[in-house]
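Enquirer: quick one: sequence and predicted model below, then my questions.
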Amino acid sequence: MQGDPLVALRYNQHMTKFVGYRCSLCNAEYLPGQVTYTCPKDGGNLDVVLDYEAIRLKFQPEDLASRAEDSLWRYLPLLPVPDPGGEGTPLRAAGWTPVFTLTRLAEKLGLEHVWLKDESRNPTASFKDRASAVVVARAREIEAEVVVTASTGNAGAALAGMSAAIGQKAVIFAPKSAPAAKVAQLLVFGAKVILVNGTYDEAFDLTIQAAQEFGWYCRNTGYNPFTAEGKKTAAFEIWEWWQAENRESKTEKSEKSNQLPLTIFVSVGDGNIISGIHKGFKDLLALGWMEKMPRIIGVQAEGSAAIANAFHAGTEKIIPISANTIADSISVDLPRDGVRAVRAARETGGTYIQVSDEEILQAIAALGPLGIFAEPAGATAYAGLVRAAGQELVKAGDPVLVLNTGSGLKDVGAAMRAVAAAPIIEPTLEAVKRIL
Ligand SMILES: *Cc1c(COP(=O)(O)O)cnc(C)c1O
Ligand SMILES: [Zn+2]
């Protein structure tokens with residue numbers, strides 16, 4: 001490997017841009033080899049620090065847009081990992097998800113422009129593939145033998161799937177209450193699956209202990225600094241898409257039409273997706289590649305709203321709750337990335353919205369007839385938009401992008417609760433006529 005000049009070049013490029021970590025609480029800085037997970041002083045989440053000057057010297061925004069890679073790996077120049085390889089495998093298919101126009105729903109809500117970025121199209125059918133792909137690249141770089149994560153299901157499925165793609169060993173701890181489809185994914189991808197008779201939060205702490213005990217590399221959300229780096233690639237895609245969208249709609253007299261800032265709706269559990277997306281936009285601002293920060297609105301389930309509570313109390317102090325919601329992927333007692341999640345809304349002029357389980361089920365039923373199948377946590381962001389439109393948090397002309405973070409196939413039990421059951425009839429035409 002050392003003798004391969006191409007590998008050496010890739011590695012050098014990577015080393016010049018990844019300069020270390022900065023604690024989100026005390027601002028202490030660390031070199032890349034100095035720490036692995038959180039701040040040793042106060043347990044704060046670490047932000048990856050990039051050398052923007054070095055990146056700017058080597059790359060222009062057009063260099064990214066012109067890369068042939070139709071996946072999150074097109075943003076390798078902005079990621080703190082070397083190229084993990086895995087060409088021709090699902091690892092190379094993470095990200096680059098489609099954006100759909102929700103014209104009919106926009107009309108209903110009294111809005112002009114509503115889009116949905118469909119993260120259920122990722123290889124293991126959730127947003128988590130972005131984080132797991134980049135963590136697997138990091139694991140390969142540091143030659144970790146085993147990667148482990150706690151998960152309500154999706155993070156584990158993503159880690160299991162991305163690991164399977166390149167033959168990396170993975171261990172997944174999930175609460176035994178995880179939906180069957182998610183557990184099936186873990187098992188089929190060939191990970192070592194351990195179901196914990198406890199909550200996600202208990203599985204989380206156990207995973208950290210096990211990683212220490214057995215020398216495994218831990219991917220836990222809001223603990224491993226590389227998950228947010230993977231998740232930030234969604235911001236890069238949104239930025240690229242929004243530029244293209246505006247180029248198309250720009251007329252000669254409205255040169256400024258691309259100045260309208262987007263409002264983005266994200267569902268929030270641990271708070272790592274929203275802080276990752278925020279980080280991506282901060283990278284672009286720091287590089288001078290983007291002018292205006294989009295407004296980021298976090299949506300939580302009423303029964304799992306520790307971050308929303310802190311936001312509305314005007315504090316960064318996250319008080320744990322006892323979570324209870326149908327949206328299992330965002331059911332979290334103690335959010336592990338709460339502080340940065342509060343800031344993602346506060347620093348972008350956004351806010352937090354809470355929605356009931358009933359509203360989440362209605363959101364699943366509203367998106368379905370457009371051909372979009374969301375799991376409860378995936379539909380939560382749209383439920384938040386419905387609330388926001390009702391409260392005039394978004395104005396008619398505001399361009400709005402909603403994320404669907406996970407596929408409805410992940411939790412068919414919840415999906416069936418969102419719709420009326422199908423009739424069962426005798427196999428006769430009369431019976432058909434009776435029910436039509
Ligand atoms: C994990 C997850 C979320 C929330 O992400 P956090 O980083 O925990 O806030 C939302 N939707 C789905 C489908 C998820 O799997
Ligand atoms: Zn610190």
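Expert: Done, it's in. Ligands and ions are numbered 1, 2, ... in the order given.

Enquirer: give me the mean pLDDT for stretch 209-221.
Expert: Averaging pLDDT along stretch 209-221 yields 98.

Enquirer: show me which residues of it are buried.
Expert: Residues of stretch 209-221 classed as buried by neighbour count (16 or more other CB atoms under 10 Å): 210, 211, 216, 217, 218, 219, 220, 221. Bear in mind the C-beta positions are built from the backbone N, C-alpha and C, glycine included.

Enquirer: just the closest of those residues to ligand 1, please.
Expert: Among the buried residues of stretch 209-221, residue 221 lies closest to ligand 1 (CB to the nearest ligand atom), at 5.6 Å.

Enquirer: domains for the protein, by residue range?
Expert: 1-51, 90-124+228-418 (automatic domain parsing).

Enquirer: any idea which of those has the lowest pLDDT on average?
Expert: If you rank the domains of the chain by mean pLDDT, domain 1-51 sits at the bottom with a mean of 82.

Enquirer: hmm, that one in reach of ligand 2?
Expert: Yes - for a cut-off given as CB under 5 Å from the ion, domain 1-51 has contacts with ligand 2, namely 23, 25, 26, 28, 39, 41, 42, 44.

Enquirer: are that domain and ligand 1 in contact anywhere?
Expert: No - contact between domain 1-51 and ligand 1, assessed by CB under 6 Å from any ligand atom, is absent, since the two come no nearer than 11.6 Å.

Enquirer: so how far is that domain off the chain centroid?
Expert: Centre-to-centre, domain 1-51 and its host chain are 21 Å apart (CA atoms, centre = their mean, to the nearest Å).

Enquirer: again with stretch 348-361
Expert: The mean C-alpha position of stretch 348-361 is separated from the chain mean by 16 Å, CA atoms, centre = their mean.

Enquirer: if we can go back for a sec, now that we have the residues of domain 1-51 next to ligand 2, which of them are buried?
Expert: Among the residues of domain 1-51 next to ligand 2, those classed as buried by neighbour count (16+ other CB under 10 Å) are 23, 25, 39, 44.

Enquirer: and the residue nearest to the third one when sequence neighbours are not counted, how far is that from ligand 1?
Expert: Yep, that's residue 39 we're talking about. Once flanking residues are discounted, residue 39 sits nearest to residue 23: 3.9 Å by CB to CB, 6 or more residues apart in numbering. In this structure, residue 23 and ligand 1 are separated by 19 Å, where distance is defined by CB to the nearest ligand atom, to the nearest Å.

Enquirer: write out the residues of the chain neighbouring ligand 1.
Expert: 126-128, 154, 221, 267-273, 329-330, 375, 377-378, 405-406.

Enquirer: 5 Å - rerun?
Expert: Contacts of the chain with ligand 1, taken as CB under 5 Å from any ligand atom, map to 126, 154, 267-273, 329-330, 377-378, 405-406.

Enquirer: show me where the stretch 151-300 of the chain has strands.
Expert: 169-175, 192-196, 217-218, 263-267, 295-301 (DSSP state E, counting those that start in this stretch).

Enquirer: and ligand 2, which of those is closest to it?
Expert: The minimum distance between ligand 2 and those falls on strand 217-218, with 18.5 Å, by CB to the ion.

Enquirer: check the offset of the closest one from the chain's centre.
Expert: Taking CA atoms, centre = their mean, one finds the center of strand 217-218 at 19 Å from the center of the full chain.

Enquirer: neighbours of the nearest residue to residue 324 once chain neighbours are set aside, how many?
Expert: Excluding the flanking residues, the one nearest residue 324 by CB to CB, 6+ apart is residue 303, at 4.2 Å. Applying the criterion other CB atoms under 10 Å, we find 17 residues in the vicinity of residue 303.

Enquirer: and residue 303, how far from ligand 1?
Expert: Using CB to the nearest ligand atom, we find residue 303 at a distance of 14 Å from ligand 1.

Enquirer: tell me how far that residue lies from residue 357.
Expert: Relative to residue 357, residue 303 is positioned 7 Å away (criterion: CB to CB, to the nearest Å).

Enquirer: now the common contact residues for these two.
Expert: Taking CB atoms under 8 Å, 6 or more residues apart in numbering as the contact definition, residue 303 and residue 357 share the neighbouring residues residue 325.

Enquirer: the residue nearest to residue 91 when sequence neighbours are not counted: neighbour count?
Expert: For residue 91, ignoring the flanking residues on the chain, the nearest one in space by CB to CB, 6+ apart is residue 165 at 4.1 Å. For residue 165, the count of nearby residues is 23 (other CB under 10 Å).

Enquirer: what ranges do the strands span in the stretch 301-436 of the chain?
Expert: Per DSSP E, counting those that start in this stretch, the stretch 301-436 of the chain has strands spanning 352-355, 399-404. These are given in chain order.

Enquirer: just say which of those is most tucked in.
Expert: Mean neighbour count, computed with mean count of other CB atoms under 10 Å, is highest for strand 399-404 among those, reaching a mean of 26.

Enquirer: then that one to CSV, C-alphas only?
Expert: Only the C-alpha atoms of strand 399-404 are listed here, as CSV (Å, rounded to 0.1, in the frame of the first residue of the first chain):
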residue,chain,number,x,y,z
PRO,A,399,-38.9,27.9,-0.7
VAL,A,400,-39.1,24.9,1.5
LEU,A,401,-37.2,21.6,1.5
VAL,A,402,-38.4,18.7,3.7
LEU,A,403,-36.3,15.6,4.4
ASN,A,404,-37.7,12.1,4.4
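
Enquirer: now, which of the residues of domain 1-51 next to ligand 2 sits nearest residue 143?
Expert: When the residues of domain 1-51 next to ligand 2 are compared for distance to residue 143 (CB to CB), residue 39 wins out at 24.6 Å.

Enquirer: so that closest one is in contact with residue 22, correct?
Expert: No - the criterion here is CB atoms under 8 Å, and residue 39 misses it with residue 22 at 9.1 Å.

Enquirer: against ligand 2, how distant is residue 426?
Expert: Noted for residue 426: a distance of 68 Å to ligand 2, by CB to the ion, to the nearest Å.

Enquirer: now swap in residue 126 and tell me
Expert: When distances are taken as CB to the ion, residue 126 and ligand 2 turn out to be 30 Å apart.

Enquirer: now residue 209
Expert: As defined by CB to the ion, residue 209 lies at a distance of 22 Å from ligand 2.

Enquirer: contacting residues around that residue?
Expert: Applying CB under 8 Å, 6+ apart, no residues contact residue 209.

Enquirer: mind listing what residue 59 touches?
Expert: Residues in contact with residue 59 (CB under 8 Å, 6+ apart) are residue 77.
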